[in-house]
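[1] can't give you the sequence, but here's the structure:
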């Protein structure tokens, strides 16, 4: 009995505290909780099923795939060796990582510099230059692929080289606007103070703006890393010779061609190729969200 | 149209060419105005990528007119060389008979465009496949994502775990989506047909039947795009002021009414942004999925415009035709964006 009273009193006390601080408004508009859980469970399962199934198949041999064994198979190490050594996926992974890091870092630096120029300088023709950058948002590389191929492969002779997949993607209108937007919201007093201390623009960028921009940098880094890791069309066209190859195109070699496709190795390749971007995305998820808040919250 | 030297109006041209010349001039004007309008709208109202015209620091600017150009130089040079230059080359190529691997070209006026009208080119099917796949990828992707995001936004226990489990497909590449779904939908060894057979049904030719294959592509594309959409819808929902929902509830609006009359209008800026990004995705990024899943087949049923550009230009070496198709695709994307700006841009509701 005493215990029950204590229980009631504590729950009443809790009730009072929530009443004092005010219950979050949304609490009163929640549909049945079990209902939400059920829907979310189904949604997660449906979204996750194709990848889970692919992960299972990646451990199986052809006989097990054909029998629809919904359990880990026995060929994981065989598949792994085939994919990584015989089909060179290990090297492609390293190549893709190099490329993605170079593009991500390069894009971030160039975007920081152009953001700095647009916000902290007054110069003639600023709106013209701004329009020049803005227009490129409407020019996806995919549309220009014919002209770009002729230029990079023909005029520059870069076919099959690292710079052919890296250099065209170092500049970014999205990044420039993201930083321009972010810098515009930083109080002007900071740059005045920095100038009084005799800092030059680059010192100001490095010492003041960058430390204040980690969320935006993180958001841009996620987009650019995922974007460059997942590039397929352009590398497939331009990297037809030479040693360097990105993993997305490398996966193509796992398709059977004339003979039947070995699904185990193909799925293993697909799963392995997805690990780096998914990890980067999940780790930087919070930065991604808060970095984007700036642009969507208006 | 001066670069074409009015060639479509030469005496020996067919009436199709002349009509095309008129159309081209009209289209050129519309696109010019469209680009101008879009730029103006973005600059003046701050949609899509957010306000681009927020208050400039009048105080606190650094001195020097050379330095900003030095800071911008790498960006501007790369954009000029790898976007503007190929764009101009594309424009030029579309009027030329040009083959990959030879430098010799011949001016053919608008033949590359009028050729697309020939029945044997089957360009109508390409357009149909493109619009079918793009429309349903965007619509299904957004509707499903909004519904799931709305549930995932509810403060249930483990909400952050659910969210992570829902948004990771964003990081999956279109080719990998194609690979995974090639396993799911394989006619003989795929799990879909296995389930259908187990249930006693007839297996479906997911990838070989010309009227079903585009839907297989749509399923794979929607699956891949949902992570991104859910992520942004959850972010958008966090910005919806809950006192509005509360007020609607006090006024007697039920769950569905609150969703339709309050939540959806409040999310319109996010929806607007997502429609634009999803259109780009559906038109261009689905290339990787299609390449792994159906390679444009069967009989061109999943050969979208971008797939065909690559196929004609860089596998069949017909650069002129491919460049002309690029321009058609570019015009379509610009026009859709413009329509989008004109129709829903006006209806966008801002809460603050």
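    Thanks, I have the structure now. Predicted model only: the values in this text are computed from it and were never measured.
[2] in the stretch 1-150 of chain A, where is pLDDT below threshold?
    Residues of the stretch 1-150 of chain A meeting the criterion pLDDT under 70: A:1-32.
[3] same check on the stretch 51-200 of chain B?
    B:51-59.
[4] how about the strands in it?
    Listed in chain order, the strands of the stretch 51-200 of chain B (DSSP state E, counting those that start in this stretch) span B:96-98, B:105-107.
[5] so which of these gets nearest chain A?
    Between chain A and the strands of the stretch 51-200 of chain B, the shortest gap by Cβ to the nearest Cβ is with strand B:96-98, which sits at 8.7 Å. In short, each C-beta sits where N, CA and C put it, glycine included.
[6] tell me how far that closest one lies from the chain's centre.
    How far strand B:96-98 lies from its chain's middle: 28 Å, per Cα atoms, centre = their mean, to the nearest Å.
[7] cool, and stretch A:40-48?
    Using Cα atoms, centre = their mean, the offset of stretch A:40-48 from its chain centre is 22 Å.
[8] buried sites along that stretch?
    A:40, A:43, A:44, A:47 (16 or more other Cβ atoms under 10 Å in any protein chain shown).
[9] residue B:336: neighbouring residues, count only.
    Using other Cβ atoms under 10 Å in any protein chain shown, residue B:336 has 17 neighbouring residues.
[10] once you drop chain neighbours, what's closest to it?
    Once flanking residues are discounted, residue B:336 sits nearest to residue B:279: 6.0 Å by Cβ to Cβ, 6 or more residues apart in numbering or on different chains.
[11] again with residue A:64
    Using Cβ to Cβ, 6+ apart, the nearest residue to residue A:64 is residue A:73, at 4.4 Å.
[12] Provide a list of residues in contact with that neighbour.
    Contacts for residue A:73 (Cβ atoms under 8 Å, 6 or more residues apart in numbering or on different chains) come out as A:56, A:57, A:59, A:60, A:61, A:64, A:65, A:264.
[13] my guess is the fourth one meets residue A:262, correct?
    No: applying Cβ atoms under 8 Å, one finds residue A:60 not in contact with residue A:262, separated by 10.1 Å.
[14] more neighbours: these two, which one.
    For the pair residue A:60 and residue A:262, the greater number of neighbours falls to residue A:60 (24 against 19), based on other Cβ under 10 Å.
[15] tell me the phi and psi of the nearest residue in space to that one that is not next to it in sequence?
    Excluding its sequence neighbours, the residue lying closest to residue A:60 (Cβ to Cβ, 6+ apart) is residue A:73, at 3.0 Å. When read as degrees, to the nearest 10, the backbone of residue A:73 gives phi -90, psi -160.
[16] cool, residue A:121 as well?
    According to degrees, to the nearest 10, residue A:121 has phi -140, psi 150.
[17] bridging residues for it?
    When bridges are called by DSSP bridges, residue A:121 pairs up with residue B:62.
[18] my guess is it contacts residue B:70. True?
    No: assessed by Cβ under 8 Å, residue A:121 is found out of contact with residue B:70, at 10.3 Å.
[19] who has more neighbours out of the two?
    Counted by other Cβ under 10 Å, residue A:121 and residue B:70 do not tie: residue A:121 has more neighbours, with 21 against 12.
[20] contacting residues for the more buried one?
    A:201, B:61, B:62, B:64, B:65, B:67, B:68, B:71.
[21] follow-up on the earlier one: from chain A, how far out is the residue nearest to residue B:336?
    As judged by Cβ to the nearest Cβ, to the nearest Å, residue B:279 and chain A stand 11 Å apart.
[22] now name the helix or strand holding that residue.
    If you go by DSSP states H and E, residue B:279 is part of helix B:268-280.
[23] and that helix, what's its mean pLDDT?
    For helix B:268-280, mean pLDDT rounds to 87.
[24] packing partners of the next helix or strand after it?
    Where DSSP H and E defines the elements, the next helix or strand beyond helix B:268-280 is helix B:286-293. Other helices and strands packing on helix B:286-293, by 3 or more Cβ pairs under 8 Å, 6 or more residues apart in numbering or on different chains; DSSP states H and E, are helix A:233-238, helix B:123-153, helix B:174-184, helix B:213-238, helix B:305-310.
[25] so of those helices, which one's packed in deepest?
    Most buried of the helices and strands packed on helix B:286-293, by mean neighbour count (mean count of other Cβ atoms under 10 Å in any protein chain shown): helix B:174-184, with a mean of 27.
[26] just checking that one against chain A, any contact.
    Yes: on the criterion Cβ under 8 Å from any Cβ of the partner chain, helix B:174-184 is in touch with chain A at B:174, B:175, B:176, B:179, B:180, B:181, B:182, B:183, B:184.
[27] in a markdown table: those residues, plus distance to residue A:89.
    Putting those into a markdown table (distance: Cβ to Cβ, whole Å) gives the following:
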| residue | distance to residue A:89 |
| --- | --- |
| B:174 | 18 |
| B:175 | 13 |
| B:176 | 13 |
| B:179 | 13 |
| B:180 | 16 |
| B:181 | 20 |
| B:182 | 18 |
| B:183 | 18 |
| B:184 | 22 |
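[28] neighbours of residue B:302, how many?
    So residue B:302, with other Cβ under 10 Å, has 28 neighbours.
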